[in-house]
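J.: Take a look and give me a structure for this.
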Amino acid sequence: MWSARRLRRPDLLAELKLPHVTNIRDLSDEVSRRTGRAVILVPREQAPSVCGACAVTESAVHVFYDPWTSVLHQDHIIAHEFSHLLLGHHKNRPASALSSVVFTSIGSATVQMMLGRSKYDEDEERDTEQLASLLQRQIIDRWLRSDEPSGDDVQDRVTHTLLRRREARP
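T.: As a prediction, this is how the structure comes out:
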């Protein structure tokens with residue numbers, strides 16, 4: 001597992017050797033390869049105190065995110081859950097009490113591990129949130145430099161306007 005001290009190193013993303021993507025969802029294949037399980041992104045309304053959740057079964061990783069929030073927030077939730085997996089938090093972990101609340105189509109008995117994003121005071125959550133923020137920043141920077149549209153016309157116009165203003169500064 002990665003330590004808090006190691007997460008503060010500026011070369012962490014380089015050490016992870018992740019593929020270059022312009023959308024966090026495009027990291028699904030890499031997370032799948034590293035965990036040895038299929039990654040399934042599931043838009044699903046969460047409990048009031050939870051933005052996202054990650055459940056690991058023998059064959060799959062189910063990443064749940066709130067479909068009613070903005071695409072940017074959804075992507076950050078996914079980045080957070082992917083960060084848990086990239087940091088190895090899913091290894092040797094029991095299922096949490098949230099598993100029976102989140103799952104209806106997957107029996108809670110088949111869930112090996114469940115991470116719910118409800119605690120921010122633990123070192124592990126801070127490390128995960130920090131890595132998720134680094135990932136999102138890198139992805140957004142790559143996207144800003146690309147000509148690839150996000151799929152959201154308003155977001156594209158605002159982003160490119162802000163980028164032009166940032167590049168115009170001395």
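J.: so how many other residues sit close to the closest residue to residue 67 other than its chain neighbours?
T.: Among residues not flanking residue 67 along the chain, residue 43 sits closest, at 3.5 Å (C-beta to C-beta, 6 or more residues apart in numbering). Using the backbone N, CA and C atoms, a C-beta is placed for each residue, glycine as well. A total of 12 residues lie near residue 43 under the criterion other C-beta atoms under 10 Å.
J.: ditto for residue 76
T.: 21.
J.: how near is it to residue 60?
T.: To residue 60, residue 76 is 22 Å away according to C-beta to C-beta, to the nearest Å.
J.: what do you get for residue 32?
T.: Counting by C-beta to C-beta, the gap from residue 32 to residue 60 is 9 Å.
J.: Report the set of residues contacting both of those two.
T.: Jointly contacting residue 32 and residue 60 under the rule C-beta atoms under 8 Å, 6 or more residues apart in numbering are 38, 39.
J.: Average pLDDT for the longest helix along the chain, rounded please.
T.: Identified as the longest helix of the chain according to DSSP state H is helix 123-145. Mean pLDDT, helix 123-145: 83.
J.: do the same with stretch 68-84
T.: Stretch 68-84 comes out at a mean pLDDT of 91.
J.: what does stretch 26-46 give?
T.: Rounded mean pLDDT across stretch 26-46 is 92.
J.: Return the set of buried residues in that stretch.
T.: For stretch 26-46, the neighbour count (16 or more other C-beta atoms under 10 Å) marks 27-28, 30-32, 34-35, 37, 39-41, 44, 46 as buried.
J.: which residues are contacting it?
T.: The contact list for stretch 26-46, computed with C-beta under 8 Å, 6+ apart, reads 18-19, 21, 25, 52-53, 56-68, 74, 78, 82, 85-86, 90, 102, 135.
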